[in-house]
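Peer 1: Predicted model follows, preceded by the sequence.
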Amino acid sequence: MQALDAVLRCLPAARSTSTNRQRMFVRRVETTDFAGLVIAVAVAGAAFATWVGPGLAATGIVALALAVIGMRIVWQDLADFTIPDAATLAFGLIGLTARIGDGAYLGDTPVATIGLAALDAAICGGVLLGLREGYYRLRGHDGIGLGDVKLAAAGGVLLGTVGLSWAVLGASLTSLAVVGASRMLPALARAFPVTDRIAFGAVLAPALWATWLVGQILPGVLGHP
């Protein structure tokens, strides 16, 4: 009996160790291989898209770069509820570069475009930061991760305030749909177990990509060229 008790006491620790190893693996990958790769893909893709000018080729290059970055965010957020800063920075960089290219094509100076993008980032990130702080004071714990705030700021650079509003709305509705479906469908609940935490970045990143693509198909919808 004493041996059995000792084994049972060790089980939670073993599960905790397994979880910690998974998180350590994610952190190790983030700090070595993927960080530089993601930034390189973003900067190279955005720079080339700016060089070739607005058009189908530029749209395809930026869309591909955003897809790579988005998959990186989805993977890590689902793994350990964190968003890699490198990917968030890449979103902002590619958004800024693409907007500078679009602005130059329309006759806007880079300084004016950068200033507007910085204002969008401050507004979008600031709104989510305010919601985060307000929720913490009401409930005593965080309801929005700091990584989500950073991603919203990067999304503001990419999409502007109007575009980010649509992206957040789409991501929120998607999250609610997944939670509702998992509670109604046992098979889905086993495949995607729902807890009291939602990896919001994993749905916000694809929403940013989709919203940007809609803005390219329907110019002017996002509030900037």
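Peer 2: Sure, I can see it.
Peer 1: Let me know the secondary structure of Thr82.
Peer 2: coil (DSSP: H, G, I helix; E, B strand; the rest coil).
Peer 1: Now it. Its backbone dihedrals?
Peer 2: The phi/psi pair for Thr82 (degrees, to the nearest 10) reads phi -130, psi 160.
Peer 1: Quick check, pLDDT for it.
Peer 2: As predicted, Thr82 sits at a pLDDT of 88.
Peer 1: My guess is it contacts Gln76. True?
Peer 2: Yes: counting by Cβ atoms under 8 Å, Thr82 does reach Gln76; the two are 6.0 Å apart. From N, CA and C alone the C-beta is placed, and that goes for glycine too.
Peer 1: Neighbour count for these two, which is higher?
Peer 2: Gln76 (24 against 18; other Cβ atoms under 10 Å).
Peer 1: any idea of the mean pLDDT in the helix or strand harbouring Thr113?
Peer 2: Here Thr113, judged by DSSP states H and E, is contained in helix 110-139. Across helix 110-139, pLDDT averages out at 90.
Peer 1: That one - contacts with which helices or strands?
Peer 2: Packing partners of helix 110-139 (3 or more Cβ pairs under 8 Å, 6 or more residues apart in numbering; DSSP states H and E): helix 85-105, helix 146-184.
Peer 1: helices and strands around the last one, which ones?
Peer 2: If you count contacts as 3+ Cβ pairs under 8 Å, 6+ apart, helix 146-184 packs onto helix 56-80, helix 85-105, helix 110-139, helix 186-191, helix 200-217.
Peer 1: For that helix, which residues meet the burial criterion?
Peer 2: 147-168, 170-171, 174-175, 178, 182 (16 or more other Cβ atoms under 10 Å).
Peer 1: before we move on, what about the first one?
Peer 2: Taking 16+ other Cβ under 10 Å as the basis for neighbour counts, the residues of helix 85-105 that come out buried are 86-103.
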